[in-house]
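Visitor: Have a look at this prediction, sequence included:
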Amino acid sequence: MTVKEFIISRVQIFFFLVTLILTASAVMGLVYQPDMELRYYHFFSPILIAACCVLPTCVTYYKKEPTVRQYIIRQIIELSLIELVVMLFITPPEGIEKPLFYIVLGAVIAVIYLLTMVMMWLQKVQQSKKLTEQLHNLQNLKTE
């Protein structure tokens, strides 16, 4: 993976995260504090959190293709770092037990992480199919 490809993938992850964090924030807000009003500056927090969550993903940069074991270990480290960053930023609302809130938050973060990875994987599959089709077309042109 080149540095340019890596940076492009981090930007994509950032926008996926912003979307999913906004959705999760809305759902958790409806569950835990349905009558709370938001101010416009509250909409910046998902952007800030997503930006901070992209930073730990830099541990997955590699010049040559990692083994499956290395890839899994890097993903586990990445998820752990993201969980830590988010847990440091978000405090539980008043009237909610801290352990329960952090368990729910950890589960939500894991789901968001998995959804982001699935979306990135689907995008790569689509790109691979397109490249394969282009290679087949190029091979067909050479044989004619």
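Guide: Arrived safely, thanks for sending.
Visitor: which residue ranges form the helices in the chain?
Guide: Assignment of helices within the chain using DSSP state H yields the ranges 3-32, 44-54, 68-89, 98-143.
Visitor: residues contacting residue 28?
Guide: Contacts for residue 28 (CB atoms under 8 Å, 6 or more residues apart in numbering) come out as 104-105, 108. Using the backbone N, CA and C atoms, a C-beta is placed for each residue, glycine as well.
Visitor: ok, those vs residue 48, which is closest?
Guide: residue 105 (16.1 Å; CB to CB).
Visitor: my guess is the closest one contacts residue 87, does it?
Guide: Yes - counting by CB atoms under 8 Å, residue 105 touches residue 87, with 6.8 Å between them.
Visitor: of the two, who's got more company?
Guide: residue 105 (17 against 13; other CB atoms under 10 Å).
Visitor: how close does the residue nearest to that one when sequence neighbours are not counted sit to residue 96?
Guide: Of all residues not flanking residue 105 in the chain, residue 90 sits nearest, at 6.4 Å (CB to CB, 6 or more residues apart in numbering). Distance of residue 90 to residue 96, given as CB to CB, to the nearest Å: 12 Å.
Visitor: likewise residue 25?
Guide: In terms of CB to CB, residue 25 sits 15 Å off from residue 96.
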